[in-house]
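J.: my questions are about this predicted structure, shown below with the sequence.
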Amino acid sequence: NAGVTQTPKFQVLKTGQSMTLQCAQDMNHNSMYWYRQDPGMGLRLIYYSASEGTTDKGEVPNGYNVSRLNKREFSLRLESAAPSQTSVYFCASSDDVGPRETQYFGPGTRLLVL
Amino acid sequence: DQQVKQNSPSLSVQEGRISILNCDYTNSMFDYFLWYKKYPAEGPTFLISISSIKDKNEDGRFTVFLNKSAKHLSLHIVPSQPGDSAVYFCAASAGTGNQFYFGTGTSLTVIP
C-alpha cells in the first residue's frame, strides 16, 4: 500500500516548456487535489477533483490544467512554464471532498523553472 | 491575503518539555481546524483536528485548543520528543466549502 505517489520527484524546466506532473493513489479515494507550497506561504490549492470525471478550480488555478484520468490518477499540466511556477507541488487524496475530510499527501515534486 | 497565520516560523524546545505551536485565523466562517506534520522530503501527514463546537481535543501527547472569540488555536505537545522535530501546519475550513486554508508552518526542533 504505497498511499499517494508522485512523479517526478524533481524537475528543472526552461521558461515556456511544458510538463505533466503525475499523481496516483491506491486507497480507493474519490477525491484528489493539487497544491503548491511556496516560501512564506502555506499550501495553496490549485485544482481538485471530487470524483472521477470532475475537476474544479482552487485558489490559484491560472497557468495549470488537470486531468482526472481514472479514479487512481490525477495529473497536473503546465503548458508553458513560467519562473513564478517554481514551487513544490503536492498531490493529495481523501475519501470524499468536503471540509471534514482528512487528506493524505504525496511526497511532493520540486519544480524549478529557469 | 493569508487567512490562516502562523507567526512563529521556528521553535526550539528541550526534550521532555512542552511545545506550544500557535495559529491565528481571520475568517469567522472557519469551523474546522487541523494540524499537519511534515518531515523533510515527505508530504504533510494529518496529526489532529478540532471542530468549532469543541474547545479542546486530545490525542495522546497532542492536544489542540481552540479559542473562537480570539480566532486562535494552539497545538500542545507534551512531553516533546526528538522525533517530533518537523514543520507543523495548521489548516482551516468552512462548513460550506471544499477547500482547506493552510498556515505558513512552524519548524519545531526538539533538542535531546
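T.: Perfect, thanks for sending it.
J.: looking at chain B, which helix or strand does the model trust least?
T.: strand B:101-102 (a mean of 91; mean pLDDT, DSSP states H and E).
J.: what parts of chain B come near chain A?
T.: Within chain B, the residues that sit near chain A (CB under 8 Å from any CB of the partner chain) are B:2, B:4, B:31-32, B:34, B:36, B:41-46, B:49, B:89, B:91, B:93-105. In this view, the C-beta of every residue, glycine as well, is placed from N, C-alpha and C.
J.: of those, keep whichever come out buried.
T.: Neighbour counting over those (16 or more other CB atoms under 10 Å in any protein chain shown) leaves B:4, B:31-32, B:34, B:36, B:43-44, B:49, B:89, B:91, B:93-94, B:98-105 as the buried ones.
J.: now, those residues that are in strands?
T.: Members of those lying in strands (criterion: DSSP state E): B:4, B:31-32, B:34, B:36, B:49, B:89, B:91, B:93-94, B:101-102.
J.: quick one: least confident of these?
T.: For these, the model is least confident at B:Ala94; its pLDDT is 85.
J.: please look at that residue and B:Asn27 and confirm they touch.
T.: Yes - shown here, B:Ala94 and B:Asn27 form a contact pair, counting by CB atoms under 8 Å, at 6.8 Å.
J.: tell me the residues of chain A that contact chain B?
T.: Counting by CB under 8 Å from any CB, chain A sits next to chain B at A:4, A:40-45, A:48, A:50, A:56, A:58-59, A:90, A:92, A:97-100, A:102-108.
J.: those, buried ones only, as a ChimeraX selection?
T.: Only the buried entries of those go into this ChimeraX selection, using 16+ other CB under 10 Å:
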select /A:4,42,43,44,45,48,50,58,90,92,97,99,103,104,105,106,107,108
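J.: among the residues of chain A next to chain B, which are in strands?
T.: Using DSSP E, those in strands are A:4, A:43-45, A:48, A:56, A:90, A:92, A:104-105.
J.: how about B:Pro82, phi and psi?
T.: phi -60, psi -30 (degrees, to the nearest 10).
J.: residues near it, how many?
T.: Neighbour count for B:Pro82, taken as other CB atoms under 10 Å in any protein chain shown: 10.
J.: in contact with it, which residues?
T.: B:15, B:110-112 (CB atoms under 8 Å, 6 or more residues apart in numbering or on different chains).
J.: need the contact list for the nearest residue to A:Tyr64 once chain neighbours are set aside.
T.: Of all residues not flanking A:Tyr64 in the chain, A:Ile46 sits nearest, at 5.4 Å (CB to CB, 6 or more residues apart in numbering or on different chains). A:Ile46 is in contact with A:34-36, A:58-61, A:64, A:66, A:76, A:89, counting by CB under 8 Å, 6+ apart.
J.: do that again at 10 Å, thanks
T.: For A:Ile46, the contacting residues are A:33-36, A:57-64, A:66, A:76, A:87, A:89-91, by CB atoms under 10 Å, 6 or more residues apart in numbering or on different chains.
J.: roughly how far does B:Glu42 sit from B:Ser85?
T.: 13 Å (CB to CB, to the nearest Å).
J.: correction: the previous question concerned A:Gly3.
T.: 22 Å.
J.: so between those two, which is more surrounded?
T.: A count of neighbours by other CB under 10 Å puts B:Ser85 above the other of A:Gly3 and B:Ser85, at 20 against 15.
J.: mind pulling up the pLDDT for the spatially most central residue of chain A?
T.: Closest to where the C-alpha atoms of chain A average out (CA atoms, centre = their mean) is A:Trp34, at 2.7 Å. With respect to pLDDT, A:Trp34 scores 97.
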